[in-house]
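Asker: Pasted the sequence and its predicted model underneath.
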Amino acid sequence: MKNLWEEYLVKIKSHLKTTATSVAVILASQAALAAGVCTDDVRILAQPQAGLTTTEGFASEFEELAGVGFQIDYLNENDRRAKSRADASVIGKYNVYYVDEANLAQFASTGWIAPLLDHYPAEYDFEDFDSGRQTTATFDGKVWFAPITGGGDLMVYRTDVFEAAGVEPPKTLEELFEVVEKIHDPENGIYGYALRGQRGSGANVWRWMPYFRGFGGEWFNEDGTPAFNSEAAVKATETYLKLFEYSPPGTRTGSWDESTGAFNSGQVALIVESAPLGGMSLNPDNSNVSDKVAFGTPPAPLTGGGYAHGFAIGSKANETDAERDCAALWIAWATSKENELRRLEAGQSGELNRVSVFNSPEFAEAFGEELPAALEATAPFTRVNFWQNEKWPDLGNRWGIILEELITGQRTDINEALAELEAYAIELNSD
Amino acid sequence: MITRFLGKSLLVFCAACVLVPLLWTLMNAFKVNADLLTPVPQFFFDPTFENITYVLSRQSVFGALYNSLIICLSAVGLGLVLGLPAAYAIARNPNRITQEIQFFVLSLRFLPPVAVAIPFMVIWLNLGMYDTRWSMIITYSLITISITIWLSIPGFQQVPKEIEEAARVDGYGPYAVFAKVALPVAMKSLLGALAFSFVLVWNEFMLALMLTTSDAKTLPIVASEMSQQGLNVPWGILNAAVVLLSIPPLLLLGLLSSFLNRSFAQKNR
Amino acid sequence: MNRRSSLPYTFLIPTVALLAILALTPTIYALNVSFTDRTLFSSSSNYIGFENYIDLLSDRRFVNSAYVSLKWEIMTVTTTMIMAVGLGVLMFECASPKMRNLYCLIFLIPVLLPRVCAAFVWKFAFHPLYGIVTYPYRAITGQPLDLLADPTTALMVVGFVDVWQWGFFFAVIIVKLLESLPPQPIEAARLDNAKPWQIHFYVTIPMLKAPLISLALVKAIESLRSFDLIYVMTRGGPGIATETLDMYAFSQGFIEAGKIGYASSIAVIMLLTTIITFTIIWKRVNK
């Protein structure tokens, strides 16, 4: 695996050198188009992604293209959501916001962001993005953001641990419990499973939702009355708490970083997480287990949490069309095919979104056949798990706090917890 | 004898409690992640300057350092210009009114920062001054002026009245007595008071968190943002940022220590 | 001094006026907003009377955060004072004047560190997998130790950092106070063969009663500023175990719902409580 990887890196480096001239030609023509579009540095509020750091390294290319520089401020997911909401609604310092599936409805319906395609330069080929991400980026018939990452859920497991214990990858939740019970061995530093415990609609609630929806749970009835205080939610919560007994310490108040970090450092035998983990776990730069992982679909009846994150044009900071064009130019450049290829070269598979990149020989060479096949197999299980509404962040975050209390043992009564959330939902909907 | 030995060891232990975590942080600033994220603490490693260079080359850190310096020094300057004369007036005119003023100044410290921050945010937004250095300087001057007044009153009280009398006999007016006699004589205590107010605003966090987003962001905010990124945190870089943030207050250590010595030594004479 | 001089007026009036404006405007503003349903996202709002205050009474997170704040105050003030007196006496008894000065210099460092830095230094030291404080536990049991994720210990860990900053600082002040005491009573007690701890317990500490009470009061006021530590170390978590009043007000106003009106009503309650309590205590102590 490792040899293959190095071989691939050498290849793509030479490949990029030969294409560099042609890229330069394209860029030069774009520069001619874009000259004068930007007058001030572009400000971006984002959350940390390895692929973005790579893109930052090519800042001078954007400077040549647009005549201005850019600055990215990074915040973790919860803070990025809170701060972008405050900034978009009243302050307006950022030209470009990092939005996601969960707060898109809120940002788009309030007019905090502007429709992307009105300003997106055609030559960057928006249609090239994966159709699932395009759908997620669409709200109310318009496209609002260009994706930086996205996907569904993937099951990743350790072949060495599974072999030693003589177990097969689980197909159902019952099998999952059996398998996890067998391989859980904290004395020797192997935890059976990993989950997210940290509060947040995109953190613990995100991982809890596949259970809730998988058991048939619904958020709201057609008439807008809450429907989630149900058997499905109780069962989902019980299952989630039960599985937490197998999750490594640090994940009880941790999120994606902590649980995938635990997996990549070799402490976890089995995990169901967002799809970018697949490529990350194969990359020896950030994974100690790159040569002993395999992939599968989430055990039935779990649904996969379909998601996409991307960049949108802020309305408040960009009042004129020219300013919006400039913001869109940065978005187009940062999510361009060239930048995706650079991420691919750096082994950052999580931040790839373009069909032409997925189908490229470089991609196949880098990730073999197993991962792309597994990713394709997860597509039928991928759903929209959350409540698609502008009030979702409020509701999800409230549940996140209550769920964190349950996970850390500050409260134990699940029914009472759900009743509290229901009361909050009724109050929220009455506003 | 044994108790004395135990006491001494306990003192050494306490000093270690202060110094070891700090030295550890300093060491970590020169480590790569592989040396940092180890189950067994690593005391020997190949030092790297990457973290420090990264922090210093990062635009956001540099901007925040600049903001912090401008905002804090200006606020301390305002504290000096407005606070020192007021402290002198209170010290030289002990009566009911100045006593009430003194208590009012102290009571500003009772204000919970959150109670000040929310309205200030709305006010600065309405005035179109949100997230500017000016708004931060004005907000912080509330802290620096009150602390400067409170801490410089004893300094002025310790200026012997005889010296002022002698100056007056020489024909100095009251303002000249303040500027040419009281200020220079009390100088050392006053410097300590100003240093304290500088440290207080340099370290201030909550107001800066709520009143800035990018243009006027101060160093503590940038450092805290780095620490909130999860496990993929560049821990070495964060350690380096912490070291950078801690240097200015520690540079004032000597000044503040002699300020404490002076105020306690003379108070109880 | 020339009683007719204009100096007190020119020196006091502008400064006091500026401070009054800077302090009263936001306070009155907060009071005003607390009677509205203003949110962060729209500038229009309605007056809703005492509704925010009534809602607070039935808000379990508010009740919890008031309780956490009270626990925080009591915990940090008492442990800081006990540690400061103990360490101050220890320095006075066991260290030569030269060493004493060195210790004073060292013990002054923690309080000068930005709270954010102190919080970070200890957050990493308490890291369940890589922390230097949790290392002995890991080495002996082979298990990680996650004190900040445990609701029963999280507040204590944050409180520990607060005491680390203030306890050492107050110890320095106490040793200076001890040095400034007249030596005769201590000598007299020594001649009576009193043990060092007896001397301090029965003679010196009672002599320092007044300044010690002032110090405790200063600590109580400074303990109100717990936000920085909690924000960096736990964010009020796990669950709501370390959610103090200011953290909760911040969450309501900024992180979760953007309810500025509601957050202001929490702030106003804090404001009234602290001003009334501390004014009464301060005036009584300094009579």
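Answerer: Looks like it came in fine. Numbers count the residues shown, from 1 in each chain, chains lettered A, B, ... in the order given.

Asker: which ones are touching the residue nearest the centre of chain A?
Answerer: Centrality entry for chain A: nearest residue to the mean C-alpha point is residue A:150, 4.7 Å, by Cα atoms, centre = their mean. By Cβ atoms under 8 Å, 6 or more residues apart in numbering or on different chains, residue A:150 lies in contact with A:130, A:132, A:133, A:136, A:275, A:306, A:307, A:308, A:309, A:310, A:353. C-beta coordinates here come from the backbone N, C-alpha and C atoms, glycine included.

Asker: same for the helix or strand containing residue B:263, what does it pack against?
Answerer: Using DSSP states H and E, the element containing residue B:263 is helix B:253-267. For helix B:253-267, the helices and strands in contact under the criterion 3 or more Cβ pairs under 8 Å, 6 or more residues apart in numbering or on different chains; DSSP states H and E are helix B:133-157, helix B:183-203, helix C:97-112, helix C:151-180.

Asker: quick one, phi psi at residue A:96?
Answerer: Dihedral angles of residue A:96 (phi, psi; degrees, to the nearest 10) stand at phi -130, psi 130.

Asker: thought it was touching residue A:71?
Answerer: No - counting by Cβ atoms under 8 Å, residue A:96 sits too far from residue A:71 to count as a contact (10.5 Å).

Asker: which neighbours do those two share?
Answerer: When contacts are counted by Cβ under 8 Å, 6+ apart, residue A:96 and residue A:71 have A:42, A:43, A:44 as shared neighbours.

Asker: hang on, the second one in a helix?
Answerer: No - checked against DSSP: H, G, I helix; E, B strand; the rest coil, residue A:43 lies outside a helix; its state is strand.

Asker: neighbours of it, just the number please.
Answerer: Per other Cβ atoms under 10 Å in any protein chain shown, the neighbour tally for residue A:43 reads 21.

Asker: ok, it - contacts?
Answerer: A:70, A:71, A:73, A:93, A:94, A:95, A:96, A:317, B:214.

Asker: what pLDDT does it get?
Answerer: At residue A:43, the predicted lDDT confidence score is 93.

Asker: Please name the bridge partners of it.
Answerer: On the basis of DSSP bridges, residue A:43 is bridged to residue A:71.

Asker: mind checking how far it is from residue B:215?
Answerer: With distances taken as Cβ to Cβ, to the nearest Å, residue A:43 is found 10 Å from residue B:215.

Asker: The residue nearest to the centre of chain A - nearest residue in space that isn't next to it in sequence?
Answerer: Spatial nearest neighbour of residue A:150, chain neighbours left out: residue A:308 (3.2 Å); criterion: Cβ to Cβ, 6 or more residues apart in numbering or on different chains.

Asker: Which positions in chain A make contact with chain C?
Answerer: Contact residues (Cβ under 8 Å from any Cβ of the partner chain) of chain A with chain C: A:78-79, A:82, A:85-86, A:89-90, A:110, A:186-187, A:197-199, A:248-250, A:252-253, A:394, A:397-398, A:401, A:404-405, A:407-411.

Asker: excluding its backbone neighbours, what's nearest the most centrally placed residue in chain B?
Answerer: Centroid check for chain B by Cα atoms, centre = their mean gives residue B:199 as the closest residue, at 0.7 Å. Distances taken as Cβ to Cβ, 6+ apart put residue B:249 closest to residue B:199, at 4.7 Å, once the chain neighbours are dropped.

Asker: got the contact list for the nearest residue to residue C:257 once chain neighbours are set aside?
Answerer: Nearest in space to residue C:257, with sequence neighbours left out and distances taken as Cβ to Cβ, 6+ apart, is residue A:394 at 5.6 Å. Shown in contact with residue A:394 (Cβ under 8 Å, 6+ apart): A:428, C:256, C:257.

Asker: thought the first one was touching residue A:397?
Answerer: No - with contact defined as Cβ under 8 Å, residue A:428 and residue A:397 do not form a contacting pair (11.1 Å).

Asker: Could I get the full set of strands for the chain?
Answerer: Here I'm looking at chain A. For chain A, applying DSSP state E gives strands covering A:42-46, A:70-74, A:96-100, A:113-114, A:138-139, A:142-143, A:146-151, A:153-158, A:270-274, A:293-296, A:304-305, A:307-314, A:382-383.
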